[in-house]
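Trainee: model this:
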Amino acid sequence: MAPVAQLARAQELIKRADICIFDIDGTLLNSRDAVHYFAFLNAIRSVFGVEANTDGIHMHGNTDIGILRAVAQRAGIPSAALEAELSGIITRMCAEVESNSKDLRPELCPSIRELITSLHDRGKILGVATGNFEAIGWAKLRAAGLRDYFTFGSFSDPHETRQAIFQNAVALANRVLPEASLLFFGDTPADISAARAVGVPIIAVATGIFPLPELERHSPDTAFGCFTDLSPF
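Mentor: Numbers count the residues shown, from 1 in each chain. Next up is the predicted model:
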């Protein structure tokens, strides 16, 4: 799709949408700290007494639950043992991030503040659909100064897969505004696949680790290098 056509398509999708739902990491912001990372490792150490790491683990487009399982497996922790302690591990992770929230260093993706402000001023309802645990996702948005713009969020605490997270976001959106027209924003092939699975259009942006050509190969409704390319909003 030519750039002019891409922009027209994005503007039409945004115009039609009653509710816009954003992924967090790589879409709204990128974390320039290790608070979330160390919460994974410290929780595993505290509960199981083993040193763990995330080397070679697929992080982008994954969920906190999925990453926890991969970290535990790499550390040799039996899946049954992880399941028995999972609730406590999630609680520990969330508590650690919240207690260290002053050290969160979120960097907003280009033109995000302008886009969010514009959508809000036009009366759009905003939500998030993210692989973060709920307390961690909201902590990042508070640190970024964006929390108050978002009415609802779907997280990985009760929903392990990205598709389930997106499906829950659709359900939450329809509680807020029944029969609303929805639009997702994401930065990974997993976001695109999840949006496709739940039948909602998605605008993809290459502000995470995936380059624009790779995102385009997964056939989002439209895709951009960053949100600046959508301006004026």
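
Trainee: mean confidence score for the longest helix along the chain?
Mentor: The residue-count maximum for a helix in the chain (DSSP state H) belongs to helix 79-99. For helix 79-99, mean pLDDT is 96.

Trainee: what about the helix or strand just after it, average pLDDT?
Mentor: Per DSSP states H and E, the first helix or strand lying C-terminal to helix 79-99 is strand 106-108. The predicted model gives strand 106-108 an average pLDDT of 98.

Trainee: show me what strand 106-108 is packed up against.
Mentor: Judged by 3 or more CB pairs under 8 Å, 6 or more residues apart in numbering; DSSP states H and E, strand 106-108 is in contact with strand 29-31, helix 134-144. Where you see a C-beta, it was placed from the backbone N, CA and C, and this is true even at glycine.

Trainee: just to revisit the earlier point, and the longest helix of the chain, what other elements does it pack with?
Mentor: If you count contacts as 3+ CB pairs under 8 Å, 6+ apart, helix 79-99 packs onto helix 35-48, helix 64-74, helix 134-144.

Trainee: ranking the helices and strands packed on strand 106-108 by burial, who's on top?
Mentor: For the helices and strands packed on strand 106-108, average neighbour numbers computed from mean count of other CB atoms under 10 Å are highest in helix 134-144, which has a mean of 22.

Trainee: who wins for proximity to I77 among the helices and strands packed on strand 106-108?
Mentor: Closest to I77 of these, according to CB to CB: helix 134-144, at 21.0 Å.

Trainee: average pLDDT across the closest one?
Mentor: Mean pLDDT, helix 134-144: 98.

Trainee: relative to helix 79-99, how tilted is it?
Mentor: Here the directions of helix 134-144 and helix 79-99 differ by 30 degrees (axes from the mean of the first three to the mean of the last three CA atoms, to 10 degrees).

Trainee: name the surrounding residues that touch helix 134-144.
Mentor: By CB atoms under 8 Å, 6 or more residues apart in numbering, the surrounding residues in contact with helix 134-144 are 24-25, 28-29, 31, 36, 39, 64, 93-95, 97-98, 101, 104-106, 108, 128, 130, 132, 147, 150, 153, 155, 157.

Trainee: and these, which of them are buried?
Mentor: Using 16 or more other CB atoms under 10 Å as the burial test, these include 24-25, 28-29, 31, 36, 39, 64, 93-94, 97-98, 101, 104, 106, 108, 128, 130, 132, 150, 153, 155, 157 as buried.

Trainee: so what's the residue of the chain positioned farthest from its centre up against?
Mentor: In the chain, G49 marks the outermost C-alpha relative to the chain mean, sitting 29.8 Å out by CA atoms, centre = their mean. G49 is in contact with no residue at all, counting by CB under 8 Å, 6+ apart.

Trainee: and it, how far from N174?
Mentor: For G49, the distance to N174 equals 45 Å [CB to CB, to the nearest Å].

Trainee: follow-up on the earlier one: got the helices and strands packed on helix 79-99 as JSON lines, with distance to V170 columns?
Mentor: Below are these laid out as JSON lines (distance: least, CB to CB, whole Å):
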{"stretch": "helix 35-48", "distance to V170": "26"}
{"stretch": "helix 64-74", "distance to V170": "19"}
{"stretch": "helix 134-144", "distance to V170": "17"}
